[in-house]
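Engineer: Just to be clear, the model below is a prediction. Sequence and coordinates:
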Amino acid sequence: MTTTTAVAGIGISRLGQVQIAAKDVERAADFYEHVLGLKLLFKAPPGLAFFDCGGVRLMLDHPEKPEFDHPSSILYFAVPDIQAACARMKEKGVKFEDEPHVIARMPDHDLWMTFFRDSEGNVMGLMSEVKR
């Protein structure tokens, strides 16, 4: 049985939730709500915050064990205009690792990316598929 068959066999259809480690959940929640503009769904004790990102739930959580206290995997946030999104985020004090740039030229569009750090030091990406 291949991995693809195994995944399809248990019914996984989409990414449902992503946990993001936060040393300070309130600071991180402010960043995700007011800088990235994600909709805050709810907060729950002890120190959890949940956001909607196009149907995928992001959970900010203070790591309870040392093995979970590290930056997260890279999340790629899709935006329609990467240049404008980058400029708005810079106005809010976000530090970028690079400038928006073309990663791949596809038959009908170019894939653009840029990387930044959130309030907790996690590397995140913006991506934009720009039609030619």
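Structural biologist: Right, received. Where do you want to start? All values derive from a computational prediction rather than experimental measurement. Numbers count the residues shown, from 1 in each chain.
Engineer: What segments of this structure are helices?
Structural biologist: 3-9, 25-30, 82-91 (DSSP state H).
Engineer: closest one to residue 73 among these?
Structural biologist: helix 25-30 (15.7 Å; CB to CB). From N, CA and C alone the C-beta is placed, and that goes for glycine too.
Engineer: List the buried residues of the closest one.
Structural biologist: Using 16 or more other CB atoms under 10 Å as the test for burial, helix 25-30 gives 25, 28-29.
Engineer: what do you get for stretch 83-99?
Structural biologist: So stretch 83-99, judged by 16+ other CB under 10 Å, has buried residues 85-86, 89, 94.
Engineer: cool, and stretch 40-60?
Structural biologist: Applying 16+ other CB under 10 Å to stretch 40-60 flags 47-51, 53, 58-60 as buried.
Engineer: how many neighbours does residue 20 have?
Structural biologist: Look at residue 20: counted by other CB atoms under 10 Å, it has 21 neighbours.
Engineer: Excluding chain neighbours, what is closest to it?
Structural biologist: residue 72 (4.9 Å; CB to CB, 6 or more residues apart in numbering).
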